[in-house]
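In: sequence and computational prediction follow.
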Amino acid sequence: MHPCRDKAEKTYRTGALIRATLIAFLTSVVPGGQASAQTTPRVSDGVINYSNSSGTGRHHGSVGLLDWASSAIGSTNELYDGDVVNFDLPGCRTGTLTATFSNVVVRQSNFDVRDMNTWVGAPAHLNYNGPDLGEAFHTQNRDMSFTIDWSMTVNGVNRDPDIFFFDAEASKIGDVENTTAVTNGGPWEVIENLEGDGYTVSGIGTQTVLLDGTFEPTHIPLLLSQGTTQTSISIVRPDQGSAVAFGLLLPCDYGDAPGYGDPVHAYWEQANPSGLGVIPEVGGLYLGSAIDSETATQAQPNADGDDADILGGDEDGVTLPLMGVGQTSVTFPVSVSGAGGYLQAWIDWDGDGNFTG
């Protein structure tokens, strides 16, 4: 054999050995997955959708589902370190939520973005699902982990977002299949039990939750961490498939009286310290004892359109007394939660749909 050719073949074989060793090392560090990176970060846009009202969830007007279908992640069904997805805030606010990915370990050929209805037995979509088809990050038979750094501006002001976390498929105890979610914000709190509370989840009330029993019965908790800037997810040993999804706590309250435009009030909510659900943020200013969030105006002649939703009535801010012809003064009792505002009222005397006469 020619000496130069022999040297070249030895060099090639040595290089192949190094590459094989490196691949084996990476696989042993991250079983079932592959570290993923792009030389140029991909910056793209996603969409936040409020859930379809046909679902059985209790908080459709508060849960903005993050939909990734239109982003680079969704259009390629690939997830990489450095991916950045921006979401315009919907409803009654102006601003942006930004998600930046790091520590991504995923087998790209086993990863895809899909509808919240990830599997025929998955319960999340029965309660919350948006009009688009890209709420869930799904992995098939492979481990997956990643970190999301969150940032948000609302009306030009920075605010740490309140992030919902869904098990968008199901985890099976017998197969040692589990999903871990870690937050650097407020502890994970259960806001709602989706299809029941027969699940096995540890760490509720802390910054780390482990979901390892959300199958048979297929019940899952809707979890919320408030004021978070980072969420880390790890899915281990998925039996056929596992998926996760995220939402943003973003409540709005719309006017219910017919013919007077489309007034809307932005307010903030917090986890209910006395049980399930969300309540108006302590210190917030509003009429009455409660607010029910909505995704749109539900105008009715008696301004009670939103009383038919699952949260019931909330029109206890102003009490209309009995009035008769000839009265020269009337007192309207008003209930106010919070302090520091001004109360203003208008009357449409002739019922023509405006307050000019």
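Out: On my side now, so go ahead. Numbers count the residues shown, from 1 in each chain.
In: do a quick rundown of the helices in this protein.
Out: In the chain, the helices defined using DSSP state H lie at 3-29, 72-76, 124-127.
In: pull out the buried positions in the second one.
Out: Of all the residues in helix 72-76, those buried under the rule 16 or more other C-beta atoms under 10 Å are Ala72, Ile73, Gly74. Any C-beta I mention is one placed from the backbone N, CA and C, and that applies to glycine too.
In: residue contacts, Ala168?
Out: Met116, Thr118, Ala122, Ala124, His125, Glu135, Ala136, Phe137, His138, Ala243, Val244, Ala245 (C-beta atoms under 8 Å, 6 or more residues apart in numbering).
In: got a list of what the first one touches?
Out: Residues touching Met116, when contacts are defined by C-beta under 8 Å, 6+ apart, comprise Leu65, Ala122, Ala124, His125, Tyr128, Asn129, Gly130, Glu135, Ala136, Phe166, Ala168, Ala245.
In: and of the residues you listed, the nearest to Leu97?
Out: Leu65 (12.0 Å; C-beta to C-beta).
In: give the residue spans of the stretch 201-350 of the chain that score low on pLDDT.
Out: Low-confidence segments of the stretch 201-350 of the chain (pLDDT under 70): 299, 301-314.
In: repeat that for 90
Out: Within the stretch 201-350 of the chain, the segments meeting pLDDT under 90 span 212-217, 237-241, 252-267, 273-275, 279-330, 332-350.
In: lowest pLDDT pick from the contacts of Met116?
Out: Here the lowest pLDDT out of those sits on Ala122, with 86.
In: what's the burial count for that residue?
Out: Ala122: 25 surrounding residues under other C-beta atoms under 10 Å.
In: which ones are touching it?
Out: Going by C-beta under 8 Å, 6+ apart, Ala122 touches Met116, Ala168, Glu169, Ala170, Thr218, Ala243.
In: now, the residues you listed that are in strands?
Out: Secondary structure from DSSP state E places Ala243 of the contacts of Ala122 in strands.
In: out of the contacts of Ala122, which comes closest to Pro280?
Out: Met116 (27.1 Å).
In: find me the pLDDT at Ile163, would you?
Out: Reported pLDDT for Ile163: 98.
In: no no, Ser36
Out: 65.
In: do the same with Thr94
Out: 96.
In: that one contacts Leu250, doesn't it?
Out: No. Contact between Thr94 and Leu250 fails when scored by C-beta atoms under 8 Å: they sit 12.0 Å apart.
In: more crowded one of these two?
Out: Leu250 (26 against 12).
In: which ones are touching that one?
Out: Ile48, Ser62, Val63, Gly64, Leu89, Pro90, Gly91, Arg93.
In: how many neighbouring residues does the fifth one have?
Out: Neighbouring residues of Leu89 were enumerated by other C-beta under 10 Å; the total is 20.
In: residues contacting it?
Out: Ile48, Gly64, Gly95, Thr96, Leu97, Met152, Val154, Leu248, Leu250.
In: quick one, which of those are buried?
Out: Ile48, Gly64, Gly95, Leu97, Met152, Val154, Leu248, Leu250.
In: picking up where we left off before, just the contacts of Leu89: which are in strands?
Out: Ile48, Gly64, Gly95, Thr96, Leu97, Met152, Val154, Leu248.
In: quick one: residues contacting Ala69.
Out: Gly46, Val47, Ser75, Val113, Asp132, Leu133, Gly134.
In: just the residues you listed now: which is nearest Met144?
Out: Val113 (12.3 Å).
In: now that closest one, which residues is it bridged with?
Out: Beta-bridge pairing for Val113 (DSSP bridges): Phe137.
In: hmm, Val106 and it touching each other?
Out: No. Using C-beta under 8 Å, Val113 is not in contact with Val106; the gap is 11.7 Å.
In: give me the number of residues near the nearest residue to Leu343 once chain neighbours are set aside?
Out: The shortest distance from Leu343 to any non-neighbouring residue, by C-beta to C-beta, 6 or more residues apart in numbering, is to Val334 (6.4 Å). Neighbour count for Val334, taken as other C-beta under 10 Å: 12.
In: from start to finish, how long is stretch 81-91 in a straight line?
Out: Between the opening and closing residues of stretch 81-91 lies a distance of 30 Å (C-alpha to C-alpha, to the nearest Å).
In: give the contact list for Pro221.
Out: Here Pro221 is in contact with Val190, Ile191, Glu192, Asn193, Leu194, Asp197, Tyr199, Val201, Ile204 (C-beta under 8 Å, 6+ apart).
In: neighbour-wise, which one of those residues leads?
Out: Top of the contacts of Pro221 by neighbour count (other C-beta under 10 Å): Leu194, with 26 neighbours.
In: quick check: bridge partners of it?
Out: Leu194 has these beta-bridge partners by DSSP bridges: Ile220.
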